[in-house]
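Q: got a predicted structure plus its sequence, pasted below:
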Amino acid sequence: MTENPEIGERIFANGIGTNYIRQGQGDPLILIHGSGPGVTAYANWRGVIPEFSEHFTCYAPDMVGFGYTDCPDEIDDFTIDVWVDHIRGFMDALGIERSHFIGNSYGGALTLAMATRHPERVAGIVLMGAAGLPFKLTKGLDEVWGYEPSIEAMRDLMNTFAHDPALVKEEIVRSRYEASIRPDAQENYSRLFPEPRQEKLERLCTEPAALQAMQHPTLIVHGREDVIVPVEQSYKFNALIPNSELHVFGNCGHWTQIEKRERFVELVIPFLNAVTS
């Protein structure tokens, strides 16, 4: 039987059995995935962890409700508070006092919530196609959160994520589809972002005044052709967050870490290395 690379180590974080990938050595770096169906930390970050792990101790957890982390029945409303408590509990369980963060999409919104509520726990920040400020729910994001399992639906979603359809290999489509139909996977996923989804999106947001008060060095990265989270969001983050810089990639959708992998790595490593953790 082939070992599943998506299943790493396991720890109880805030009472929740949590699956995570750990690799490397150096200052801690927590990578928080996006919110697509079938997503896991490994699927989201496998292309960049090898390089990052040469400089940092990488921790990539499946957040509660996603992947191979538990989805407790008693959580009847998945709010940003639930996810902040989970990631803070994850750090406590592993003895991580302070960490760099990279947040992808939903993971960017969670990173900002963590940084503004528990600033002492966060060092450098990288936001990648991040949510966290209000915007009109895009057709792409509505389809992501409203996914109903089929191989065709997953293929359509993957083509929405990437600007270049040549990057959407059938192996990726099949892998994500198979993950989305694991026992209880769709039942759990449908609990995360139910209708009204515009309201769910707005509940991920951090107040602009809190962003203006942030002092964390922040690298903001976005694909110009992103149809899930509009690139305008990152211009707004850049205007609000004092110690921020913005890099926009042309011919790039929502998958910066895949579509522009080498340049993404070249930006992130020196940026975080320059931050005292």
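A: That came in fine, so what should we check first?

Q: Arg155 falls within a strand, correct?
A: No - per DSSP: H, G, I helix; E, B strand; the rest coil, Arg155 lies outside any strand segment and is helix.

Q: would you list every one of the helices in the stretch 51-200 of the chain?
A: 80-94, 106-117, 139-145, 151-161, 170-180, 185-192, 197-202 (DSSP state H, counting those that start in this stretch).

Q: can you name the next helix or strand after the shortest one?
A: Using DSSP states H and E, the helix or strand that follows helix 197-202 towards the C-terminus is helix 208-213.

Q: now do that following helix: which elements does it pack against?
A: Applying 3 or more CB pairs under 8 Å, 6 or more residues apart in numbering; DSSP states H and E, one finds that helix 208-213 contacts helix 106-117, helix 232-240. Quick note: C-beta positions are derived from backbone N, CA and C, even for glycine.

Q: mean neighbour count and mean pLDDT added to those helices, as TSV?
A: Formatted as TSV, the helices and strands packed on helix 208-213 follow (neighbours: other CB atoms under 10 Å; pLDDT from 0 to 100):
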stretch	mean neighbour count	mean pLDDT
helix 106-117	26	98
helix 232-240	18	98
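
Q: in TSV, list those helices along with distance to Cys205.
A: Shown next, in TSV, are the helices and strands packed on helix 208-213 (distance: least, CB to CB, whole Å):
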stretch	distance to Cys205
helix 106-117	7
helix 232-240	10
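
Q: wait, which of these is closest to Glu259?
A: Ranking the helices and strands packed on helix 208-213 by distance to Glu259, with CB to CB as the measure, places helix 232-240 first at 15.5 Å.

Q: so which other helices or strands are in contact with the closest one?
A: So helix 232-240, by 3+ CB pairs under 8 Å, 6+ apart, packs with helix 208-213, strand 218-223, strand 244-249.

Q: ok now the first one, how far from the chain's centre?
A: Centre-to-centre, helix 208-213 and its host chain are 21 Å apart (CA atoms, centre = their mean, to the nearest Å).

Q: distance of Ala113 from Phe56?
A: 22 Å (CB to CB, to the nearest Å).

Q: was I right to think Thr40 contacts Asp62?
A: Yes - applying CB atoms under 8 Å, one finds Thr40 in contact with Asp62, separated by 5.5 Å.

Q: joint contacts of those two?
A: Jointly contacting Thr40 and Asp62 under the rule CB atoms under 8 Å, 6 or more residues apart in numbering are 19, 33, 68.

Q: Pro5 is in contact with the first one, correct?
A: No - under the criterion of CB under 8 Å, Asn19 makes no contact with Pro5, lying 11.6 Å away.

Q: what's the burial count for Arg155?
A: Neighbour count of Arg155, defined by other CB atoms under 10 Å: 18.

Q: list the contacts for it?
A: By CB under 8 Å, 6+ apart, Arg155 lies in contact with 168, 173.

Q: ok, back up a step: among Asn19 and Pro5, which residue is more densely surrounded?
A: Higher neighbour count among Asn19 and Pro5: Asn19, with 22 against 11, using other CB under 10 Å.
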